[in-house]
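# need coordinates for the following:
(one chain, ligands or ions: 3)
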Amino acid sequence: MASVQPPPALLAPHRPSTAAALRFPSPTVSPRVSPSPAARPRRLAVAARAMPWPHVLTVAGSDSGAGAGIQADIKACAALGAYCSSVITAVTAQNTVGVQGVHAVPEEFVGEQLRSVLSDMSVDVVKTGMLPSAGIVKVLCESLRKFPVKALVVDPVMVSTSGDTLSGPSTLTTYRDELFPMADIVTPNIKEASKLLGDVSLLTISDMRSAAESIFKLGPKNVLVKGGDMPDSTDAIDVFFDGKEFIELRGLRIKTRNTHGTGCTLASCIAAELAKGATMLRAVEAAKKFVESALYHSKDLVIGNGPQGPFDHLFSLKSPLYKMGSLHKFNPDDLFLYAVTDSGMNKKWGRSIEDAVKAAIEGGATIVQLREKDTETREFLEAAKACVEICRSSGVPLLINDRVDVALASNADGVHVGQSDMPAWEVRELLGPGKIIGVSCKTPAQAEQAWKDGADYIGCGGVFPTTTKANNPTLGFEGLRTVCLASKLPVVAIGGINAGNAGSVMELGLPNLKGVAVVSALFNQECVATETRSLRSILMNACCRS
Ligand SMILES: Cc1ncc(COP(=O)(O)OP(=O)(O)O)c(N)n1
Ligand SMILES: Cc1nc(C(=O)O)sc1CCOP(=O)(O)O
Ligand SMILES: [Mg+2]
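Residues are numbered from 1 along each chain as shown. Ligands and ions are numbered 1, 2, ... in the order given. Model prediction:
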């Protein structure tokens, strides 16, 4: 949609209609009429320019249980720092059991609410939820033609998660013919996508792709088909299509009954991120991460006696320890060249932790771990904060060895723990789902446990003897092979790996083996960048050969 707001002077003056005047008979409650732009005090206009507030308008139904609908939209936008105004299209009586009643708001009054907000309040993005009649969809389209906004997010709410119908067949046609061509993104779940396409069955990711492509042909600029209710899937996989590329967005499937309102929340978060200036894909990724985190933090809450409870959008207010992830979603390929620091070695060569990390990144390290066994906590935390900045600006994840407290305080991307450190599931409880957790494993049983505990990868070694870690058993290639074959998680090999033997490790071509982790081969050397560069090229050549 066009991104230009009409200048205030061109907007029709907001006069209450006769119908509205009748609904507001008392002079004490008459609708407020905005002063003309010229009459507004100048200092207010200056303040508005200095502090813009990203603004989402949600056009949706009210949920009396407050888990979904308008109530979810307002909470989601508030959590992400956007202002959320609301045009109510229907009032529903619902709770955690289901929808007991729906009372649609008359079309003209939906139109009047739209006009009130859009003519005055500089809306950036409009998000739609429940649109109970074809007439309401038409009124919305007319309003958007009159008052264009930066983006339109359409969540085609047709059936509630409890299975109740929220809009009829004639609405479906108007959605497809009038609203979709104006939309920047449409976000159906599997059931909605199927309904939109004439009840086709969608059972696989490939079906979801085809559905995204077919819906794209109806006119929206982007489509997100949400796979949260896909049967038999361990991940929550959504398919994003922008007309050129399909992107599969994978998330954790959180086991909880508290999933009421996830669709409304996701669409509102996309709208909030777009209002804040994100690109579409970034907005979708951020929204997905937010929903995943909210579900995770609300998984054990109890409200109501029905099968589907609400979740807590404002979970971050309750969990002061937990910070939203850096949105650096873990990519197993990041394990390719894993640089693990050592304070003793860097001191010996006269460099700071920060300089060591900068040099490793310059040489091509793909992930960094601060393993600072002898550094005082205060100094370690300061270095960690500085390294978070350095790594984030290069797009390289930074993990902290052993110290969950330092990882939390520095907002690092994750933690690596061993078998005698804090158990991975406890680390996950503290860090939340958005952070990376690695676990050292020497046996298939340990690898299985790491997977159950919610780790993202395992480190397996010592592949060769090492002097960096005292009393470390050597597993050799056979031990590494046994663990890699058993592991459900990606693996990084560690222990005594250097330029002379790294190629032979990668040439094993083991399943799940994604890279090597090294300490002394990079940091017990004069020039960290040169050593990293040369190890990287050895690894790349070995991967080409295997
Ligand atoms: C990538 C990676 N793998 C293994 C380890 C070893 O961790 P741990 O067993 O906890 O031993 P310490 O490093 O704490 O001495 C690691 N750090 N990184
Ligand atoms: C930290 C660590 N963990 C290991 C394990 O086997 O889990 S071996 C190791 C030390 C790796 O250092 P270098 O690359 O200098 O041999
Ligand atoms: Mg450890």
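# I'd say Asp402 and Val427 touch.
No. In this structure Asp402 lies outside contact range of Val427 using C-beta atoms under 8 Å: 10.0 Å. Just so you know, the C-beta spots here come from the backbone N, C-alpha and C atoms, and that holds for glycine as well.
# neighbour count winner among those two?
Neighbours of Asp402 and Val427, each counted by other C-beta atoms under 10 Å, are more numerous for Val427; the result is 23 against 19.
# ok, now how distant is the residue most central in space within the chain from ligand 1?
A centroid search over the chain (C-alpha atoms, centre = their mean) returns Lys289, at 2.2 Å, as the residue closest to the centre. Computed with C-beta to the nearest ligand atom, to the nearest Å, the distance linking Lys289 and ligand 1 is 24 Å.
# what does Leu399 give?
In terms of C-beta to the nearest ligand atom, Leu399 sits 8 Å off from ligand 1.
# test of understanding: give the bridge partners of that residue.
Using DSSP bridges, the beta-bridge partners of Leu399 come out as Gln369, Gly414.
# so it is in contact with Gly438, correct?
Yes. Under the criterion of C-beta under 8 Å, Leu399 makes contact with Gly438 at 6.5 Å.
# looking at the two now, which is surrounded by more residues?
The neighbour comparison of Leu399 against Gly438 (other C-beta under 10 Å) goes to Gly438, with 29 against 25.
# just the element for the residue lying closest to Leu131 once chain neighbours are set aside, please.
Leaving aside its sequence neighbours, Leu131 sits nearest to Val137 (C-beta to C-beta, 6 or more residues apart in numbering; 5.0 Å). Following DSSP states H and E, one finds Val137 within helix 134-146.
# residues contacting stretch 176-189, please?
Stretch 176-189 has contacts (C-beta atoms under 8 Å, 6 or more residues apart in numbering) with 1, 128, 131, 137-138, 140-141, 144, 151-156, 196, 211, 215, 218-229, 263, 266-267, 270, 274, 280, 284.
# using CSV, write out the CA atom coordinates for it.
Written as CSV, here are the backbone C-alpha positions of stretch 176-189 (Å, rounded to 0.1, in the frame of the first residue of the first chain):
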residue,chain,number,x,y,z
ARG,A,176,-10.2,-12.8,-1.5
ASP,A,177,-11.5,-10.3,-4.0
GLU,A,178,-11.2,-7.0,-2.1
LEU,A,179,-9.0,-7.2,1.0
PHE,A,180,-6.2,-9.6,-0.1
PRO,A,181,-5.1,-7.4,-3.1
MET,A,182,-4.5,-4.5,-0.6
ALA,A,183,-2.6,-6.6,1.9
ASP,A,184,1.1,-6.5,2.5
ILE,A,185,0.9,-9.9,4.2
VAL,A,186,-1.8,-12.5,4.8
THR,A,187,-1.2,-15.0,7.7
PRO,A,188,-3.6,-18.0,7.5
ASN,A,189,-3.1,-21.1,9.6
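# buried residues, that stretch. List them.
Arg176, Glu178, Leu179, Phe180, Met182, Ala183, Asp184, Ile185, Val186, Thr187, Pro188, Asn189 (16 or more other C-beta atoms under 10 Å).
# what do you get for stretch 405-412?
Buried-residue list, stretch 405-412, by 16+ other C-beta under 10 Å: Val406, Ala407, Leu408, Ala409, Ser410, Asn411, Ala412.
# now, the most widely separated pair of those residues?
Spatial extent of the buried residues of stretch 405-412 (C-beta to C-beta) is set by the pair Val406 and Asn411 at 10.5 Å.
# work out for me the element the nearest residue to Asn498 once chain neighbours are set aside sits within.
Distance criterion C-beta to C-beta, 6+ apart; nearest residue to Asn498, sequence neighbours excluded, is Ala521 at 3.9 Å. Taking DSSP H and E as the criterion, Ala521 maps to helix 520-523.
# just list what that helix packs against, helices and strands only.
Applying 3 or more C-beta pairs under 8 Å, 6 or more residues apart in numbering; DSSP states H and E, one finds that helix 520-523 makes contact with helix 343-348, helix 353-363, helix 528-545.
# common neighbours of Asp402 and Val427, please.
In contact with both Asp402 and Val427: Val415, Val417, using C-beta under 8 Å, 6+ apart.
# now do the contacts for Asp333.
By C-beta under 8 Å, 6+ apart, the contact list for Asp333 reads Thr366, Lys514.
# could you check how far it is from Leu539?
From Asp333 across to Leu539, the span is 12 Å (C-beta to C-beta, to the nearest Å).
# equivalent analysis for Val519, please.
16 Å.
# same check, this time on Thr530
Distance from Thr530 to Leu539, counting by C-beta to C-beta: 15 Å.
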